[in-house]
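> Got a sequence here, can you build the structure:
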Amino acid sequence: CLATLIIMLVGDTYTLINYVSFINYLCYGVTIIGLIVLRWKKPKIFRPIKVNLLIPITYLAFWAFLLIFSLYSEPIVCGVGLIIILTGVPVFFLGVYWRNKPKCVNRLIESMTCWGQKLCFVVYPQCGSAKEE
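Now for the predicted structure:
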C-alpha cells in the first residue's frame, strides 16, 4: 500500500496501470507454470477441473511473448513492477518464515491484521477478547 501511495503521488494513473498490468501478467504466468509442474510431479492428486496440457502450454507461449515484449518496450516500468513485487519479500520473512518471533512482534502482526480486516471489511474480525462477541 505504501508503494502504491508513493507511486500515485509521483506518477500518473497510466504508469500505475502499467505497473499493475506487468505484475498481474507475471503472476498469471507463474501460476500456470505451477499448474504444469504439479501436473508433472503429482499426477494422481485430486483436481476438480482437469484440462488438456496443450491449453496451459499455449497460454505460456503467448505469456512469454507478452512478457518479453513488455520488458523490451518498457524496461523501466517492468523494473519498477519487479521492485514493487520484491517489497513483499521482507514482509514474508517477518510474517511467515520467521517462526520464533517475540510475543510483542506477534501482537503487532495480529493487531495490524485485525485493523486491516476492519478497514477493508474483508473478514469478520476475530481479534480481541471473547467478551466482544
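> Read off the pLDDT value for Gly29.
pLDDT, Gly29: 91.
> Can you get me a residue count around it?
By the criterion of other Cβ atoms under 10 Å, Gly29 has 17 neighbours. Heads up, the C-betas are built off the backbone N, CA and C, glycines and all.
> likewise Ile23?
Burial of Ile23, expressed as a neighbour count using other Cβ under 10 Å, amounts to 16.
> Now do the contacts for it.
Listed by Cβ atoms under 8 Å, 6 or more residues apart in numbering, the contact set of Ile23 reads 81, 84-85.
> ok, of these, which come out buried?
Listed as buried from the contacts of Ile23 are 81, 84; burial here means 16 or more other Cβ atoms under 10 Å.
> In helices, which of the contacts of Ile23 appear?
81, 84-85 (DSSP state H).
> and which of the residues you listed is nearest Phe46?
Phe46 has its nearest neighbour among those in Ile85, at 30.8 Å by Cβ to Cβ.
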